[in-house]
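[1] Sequence plus predicted model, see below.
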Amino acid sequence: MTQPLLDVAGVQKTYTGSGRTVEAVRDLTFSVGDGELVCIVGPSGAGKTTLLKCIAGLLEPTAGTVTLAGARVDGPPEAMAVVFQEYGRSLYPWLTVEGNVELPLKQKKLDKARRRELVRDALEAVGLADVHSAYPWQLSGGMQQRVAIARAVAYEPKVLLMDEPFAAVDAQTRADLEDLIRSLWHKLGVTILFVTHDIDESVYLGQRVLVLSSSPTVIMEDLTIDLPDERTQLETRSSPRFADLRGHVYEQIQLAKHRKGDQHQRDEVATGSHRAGQPTVAADPGH
Amino acid sequence: MTQPLLDVAGVQKTYTGSGRTVEAVRDLTFSVGDGELVCIVGPSGAGKTTLLKCIAGLLEPTAGTVTLAGARVDGPPEAMAVVFQEYGRSLYPWLTVEGNVELPLKQKKLDKARRRELVRDALEAVGLADVHSAYPWQLSGGMQQRVAIARAVAYEPKVLLMDEPFAAVDAQTRADLEDLIRSLWHKLGVTILFVTHDIDESVYLGQRVLVLSSSPTVIMEDLTIDLPDERTQLETRSSPRFADLRGHVYEQIQLAKHRKGDQHQRDEVATGSHRAGQPTVAADPGH
Amino acid sequence: GGSSDEPATDTEGGLAQVTVGIIPIIDVAPIYLGQEQGFFEERGIELELVPGSGGAAAVPGVVAGDFDFAFGNVTSLLLAQTQGLPLQVVSNGTASTGDPETDFSAVVVPADSPVQTAADLAGKTVAVNNFKNIGEVTIRKAVEDAGGDSSTVNFVELPFPDMPAAIANGNVDAAWVVEPFVTVATGQGARAVVRNFAEPVEDLTVATYFTTEQMLAENPELVDDFQAAMTESLQYAQDNPDELRRIITTYTSITPETAEQIALPSFPEEINVESMETVAELMAEYGITEETADVDALLATD
Amino acid sequence: MNPVLRWGRTLGFALTLPVILVTLWWVWSADSTNYYAPPLQTILTTFGDVWFSERLRADVLPSVTRLAIGYTGAVVVGVGLGVLLGANRTLRRVTEPVLEFFRAIPPPALIPILFLFAGIGDTAKVIVIVSGAVWPVLLNTVEGVRAVDDVLSDTSRSYGITGLARLRHLVLPAASPQIVAGMRQALSISIILMVISEMFASTNGLGFSVIQFQRSFAIPEMWSGILLLGLLGFVLSLLFQLFERRSLRWYHGLRRSQRGEN
Amino acid sequence: MSTTEVRPARAGAEPVRRRRPELPSAVLGLGGLVGFAALLELLPRTGIVSAEYFPPFSEMVRALVEAAGTDRFWAATAETVQAWGIGLGIALVAGIGLGLLIGSVELLRRFTASTIEFLRPVPSVALIPLAVLLLGLGLQSTLLLVVYASFWQILIQVIYGVQDVDPVARETARSYHLGRWARVRYLIWPTALPYVMTGVRLGAAVALILAVTAGLVGIGTGLGAEIALAQSSNAVPLVYGLVIFTGLLGVVVNLAARALERRTLAWHSSVRADVGG
Ligand SMILES: Nc1ncnc2c1ncn2[C@@H]1O[C@H](COP(=O)(O)OP(=O)(O)OP(=O)(O)O)[C@@H](O)[C@H]1O
Ligand SMILES: Nc1ncnc2c1ncn2[C@@H]1O[C@H](COP(=O)(O)OP(=O)(O)OP(=O)(O)O)[C@@H](O)[C@H]1O
Ligand SMILES: [Mg+2]
Ligand SMILES: [Mg+2]
């Protein structure tokens, strides 16, 4: 691992308010090296978004610290871009697609020609070159999501946080975007934290995969993906090692879903190893 | 096929306004029998949401008609439930989770006890029994989406339209929900139109899969899924027939992505068969 | 105010209930005194006095029948007369003392003002409470009598209470004030240059009580009774200045000390018809009315 | 739809109800003997005599000038202060009671104080207009700023769009629907306060004329003035609509498109 | 390509919403009022304005306290509050009812727009003679003025609020066949509520202003009439004392409105951000 850039130490987050207290994240500790590409997977409601927001300096952890490049994060750090899960609401409805992508660049004080270029390239990369002058609300869900991605890409961040960025796009586009992210990562050496639900995606994309437990959340597994660096959709996905890793993550997720932070710790104390927690009442009541 | 319930005939939809005119849907004709489960796949921006809204009576087609149970649709028909792609915004922030699910039931004039029961069952089915009194904005993205699903399920509709309903949930939950939908479909005999990006999902769920071309949209393929009716995640997905069908749809989608309605028709006239259109400029500019 | 559409309803005690719209200033002290002394009750009238700010509300109040009688200054009534409103004057209200030294109304200027006589007001800015009203008429007459050109006076509307400050701050060159503000302004160093009620018109009738023609026609006895009671009240007021100063402090917020210092108006029983005619002519001359108001038509013949 | 037809429709919508109401008024007042409610015919005749004359320049123009300055002032102060208070909770809590205090004070009671500080000229009148019309803009701006979508807000923060850029690119556009609602309220309140301000220390103006007519019992003239005030309000609101349509194009477009109206 | 180093926090970036211990609003608000009072005390004391026309705050309060010892004062207050309460009540019911109706029926909105724009700017004060003539002096006329002035404010707010309904939420309601009433109750009303609350606060203040003004111009009784009386008697401290009292009534009204808002708008992002979380 290269020298650690991001350090998450004992982060805990409890939401209080309106008579409901939720311990979303129990205790997360991990670090990410400069230029790493880390995928985060975990059940719905595990606290992935919460974690990302804490790292982005948008939410203050109840306990623990996030350190970026040696300094404690207590506000949105410079040169970091975030793609939000709620992509639709993260686009400015009063700006055109182009305007949305360009706005952060203006803030970066880039000159007009450079902005133009970056905007055009980014929109082309996500396949939206022809809708640059439309408003976000004139676009389909998947197109909106791609605008949000283009915005982050055009920003040329040092650290890129992405919260299920491909959830609304079709399989083919998704594959294209995955390759786009990996190529960007190669080209720019950007550090990427990538939250996804798609296990294949996490394995295909990442150098490491973090598996989170159900809320209150701890880290179930920190898996290094030892696939070759040069990956292609067809070959990589059909390699036996890919299948192995994929299967492993899948298992962990299924475990995670039925196991919460507290059980996890209890288990560890009791047996020193992971054991499947009891299944929840959910799912398939018809049978 | 059972007697046709829904008939979509020559539907075309052009968006005009704000100086931008988009022919989203060119010409769609198909019908769905009573009690069928049809999946719709197509590239991002193909017009799937547009089509669903036309069927739901929320959008008037520019040309063509939608007929439901013999009557022309010109407003939201009775006993139809819709799960919107923009799940977050379709939940009422001023109502609790429970309140959101219960609201349509009140409208159905069900008595209190029955409503309670339906709400509880539906929330349990989507794995949210313990957050019934939270507000939607206190939930994670995937949880919000499941609330929207619970609302549709509790409504016990005759026709259920779902627009990428599982986009924000993790793989395990997604599998559970897929089985939930199929079991509901068996139990209640409801007719389901299901838009998804996940090819495996469309094959696993549907009796038929409609593949749409890029916008302006036509139907590229109407594929009957001849898998056995009794499906399980493990067995069905590993069957060779599943792989075949999956591969077929995948091919079609890739074709669809690079082919628009006009090309499609031109091609058909010219050669009488499908041919891959030219690839777009998008994707992976880094290489 | 518990007003009734039916004028003068009989109460159980056989008293006629009469509503009178007044302005809570010094000028209406006699009616308060008369009420206190029982002059109205003696004549079968139970008086209800409804304070208002005059002008805007009093005339429509009478026309609409909310007030049986109301207090108003002569220019307003003359103006209403030329506009064809069916009003009738029934009793005197206030009059100038005619004393150019101590009348209750004055045009005041800052102590260091170059204005020494009424003539000097020409070309100056003078505050009055209402345009085209009694202040404007009497001031213009005073200016002309002193040999100035009254058409060059710039009148500005200000409420009386704001005038002392406006003078002190130099917002206006001069201001026409009535008591207690004459005392207030002079107490703060202002100087009175002209007593505009006392000098230009002799024995000026300033304000009167009035009703509608309808009331007069339908209820002549009541009007008579009101008139008689008013006459007695005015007389009593004229004869008992100390009583007058005392009663003022009961229905206004004027302090007893101020009440001791202020100049009182005169309360003659009779209206000076001649002064009203002069005012009517002046109003026509100054273009306030299009034609000369018919004073006789306004005065209730009894 | 072709433009002629659209204009026709717009005009039809705009005129139908007024025509009905005016007709009713006309019929109802035709043989009115009530001094204060003269026949509409009389009022309309008077209207021409009174307003199509020197008064248009001498009275209407100064009024409209003061109105324009006062309204602009109210919008600038209201939006400026509103953004400040909306964005800063502590400041809002400190100042709210004081502002509420001022808001509840009747302008006529405030006027003497204004005379003390601003003299009796046009400045005081403009301040009267500002002091009354600022509230709807202020309140709506505060609420609009407070209600900025959290995801949008987070987006801005994470891209370092802070300070003035945040104001210009996030806060103002996001609050603009509510700010515009406030500005629209303020427009008619400005007209009302223009009249009230001209009740004191005035020598000209539309409100001044109306009050003078009222005081000198020139009732048809007074009514004609009220009609003119209404017309002024109507014309200004038309202009305002043009402004609103331009500045909130995205908002109306968004609503319309998602209502499936295009 | 960007070579910007990753730095801890942007210059000028807002800090994370921290839950630092905060003074309660009551204390802060009171602080604001005290500061304002101090200013009022200092202005005349330092001679910036003449104490004769603008007495120090302490004298205003003394005059007010003195007045508060009389029944007359409290009767006047009761009258003003009564006119205010009834007037605002009528304006609220009418404004909200018609606002919901006009706002949600496109056709109605188009037909009434021009008339509303015409009537709105007509000042209440210009209607005084008419009010007196139609309704006589006293409560009814005061009410007409109060209702006329505050009604428009509430109406416009409600109409704008109704139009702010989120399109996806609206489509949800349509597709689930929420009836007219259910749509108003569960969709339109909650959406418009923030606007309505602003309307209530605007309308409440305007109603109070008109209830007092009616007294000031002599068609009603109550605090306005008391102020007019004090003015015409040159009781300067009392005038200001009464004006201050009126302002304080406004503060109380706002407190009530805020409390109501916190209850009804707990879900709204504006209130959410305020209570933290
Ligand atoms: N604003 C909030 N107030 C209260 N609770 C919250 C809030 N936001 C999130 N939560 C709770 O915190 C937990 C974690 O939420 P989070 O959004 O981080 O999950 P997630 O891992 O991103 O899930 P998903 O994959 O569904 O998006 C959930 O139980 C959620 O209910
Ligand atoms: N309100 C609108 N105004 C203008 N154009 C629109 C509007 N809604 C959709 N479109 C356009 O219509 C086309 C189809 O959009 P639609 O939302 O139906 O696609 P979709 O198939 O649902 O895509 P996705 O899978 O990304 O959700 C897109 O090109 C989009 O830009
Ligand atoms: Mg999330
Ligand atoms: Mg869609």
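    That came through fine. Ligands and ions are numbered 1, 2, ... in the order given.
[2] In a strand, residue A:66, correct?
    Yes - counting by DSSP: H, G, I helix; E, B strand; the rest coil, residue A:66 is part of a strand.
[3] give me the number of residues near the residue in chain E that ligand 2 sits nearest to?
    Relative to ligand 2, the nearest point of chain E is residue E:167 (9.0 Å; CB to the nearest ligand atom). (Glycine included, C-beta is placed from N, CA and C.) Neighbour count for residue E:167, taken as other CB atoms under 10 Å in any protein chain shown: 18.
[4] where does the stretch 51-200 of chain C come near chain E, residue by residue?
    Within reach of chain E by CB under 8 Å from any CB of the partner chain, the stretch 51-200 of chain C has these residues: C:51-54, C:56-58, C:60-61, C:63-67, C:159-161, C:164-165, C:168, C:180-181, C:184, C:188.
[5] Got phi/psi on the residue of chain E closest to ligand 2?
    phi -60, psi -40 (degrees, to the nearest 10).
[6] Need the pLDDT of it.
    With respect to pLDDT, residue E:167 has a value of 79.
[7] same question, the one 4 residues further on
    We note a pLDDT of 82 for residue E:171 in this prediction.
[8] now swap in residue A:226 and tell me
    For residue A:226, the pLDDT comes out at 87.
[9] Which strand or helix spans the closest residue to it other than its chain neighbours?
    Using CB to CB, 6 or more residues apart in numbering or on different chains and skipping residues adjacent in sequence, the residue nearest residue A:226 is residue A:241, 7.2 Å away. Assigned by DSSP states H and E, residue A:241 belongs to helix A:240-257.
[10] Give me the neighbour count for residue 225.
    Assuming you mean chain A. Counted with other CB under 10 Å, residue A:225 comes out at 20.
[11] that's the wrong chain, I wanted chain D
    Residue D:225: 29 neighbours (other CB under 10 Å).
[12] Give me the distance between it and residue E:123.
    Distance of residue D:225 to residue E:123, computed by CB to CB, to the nearest Å: 10 Å.
[13] separation between the closest residue to residue E:178 other than its chain neighbours and chain C?
    Spatial nearest neighbour of residue E:178, excluding adjacent residues (CB to CB, 6+ apart): residue B:107 at 5.2 Å. Per CB to the nearest CB, to the nearest Å, residue B:107 is found 52 Å from chain C.
[14] what number of residues lie near residue B:107?
    18.
[15] wait, isn't it in contact with residue E:182?
    Yes - in this structure, residue B:107 is within contact of residue E:182 by CB atoms under 8 Å, at 5.4 Å.
[16] in chain D, which residue is closest to the centre?
    The geometric centre of chain D, computed from its C-alpha atoms, lies nearest to residue D:187 (CA atoms, centre = their mean), at 0.7 Å.
[17] Okay, and that residue sits in which element?
    helix D:172-197.
[18] now the helix or strand following that helix: how far from the chain's centre is it?
    Per DSSP H and E, the first helix or strand lying C-terminal to helix D:172-197 is helix D:206-215. Relative to its parent chain, helix D:206-215 has a centroid offset of 20 Å by CA atoms, centre = their mean, to the nearest Å.
[19] Same question for stretch A:8-21.
    20 Å.
[20] Pull the residues that contact that stretch.
    A:22-31, A:47, A:50-51, A:54-55, A:59, A:61-67, B:133-135, B:138, E:266, E:272, E:275-277 (CB atoms under 8 Å, 6 or more residues apart in numbering or on different chains).
[21] just so I have it, where are all the helices in the stretch 51-200 of chain C?
    With DSSP state H, counting those that start in this stretch as the criterion, the stretch 51-200 of chain C has helices at C:55-63, C:74-82, C:134-145, C:163-168, C:181-187.
[22] Going by neighbour count, list what's buried in stretch E:33-47.
    E:33, E:36-37, E:40-41, E:43-44 (16 or more other CB atoms under 10 Å in any protein chain shown).
[23] mind listing what the residue nearest to residue E:178 touches?
    E:176-179, E:182.
[24] I'm done for today, thanks for sticking with me.
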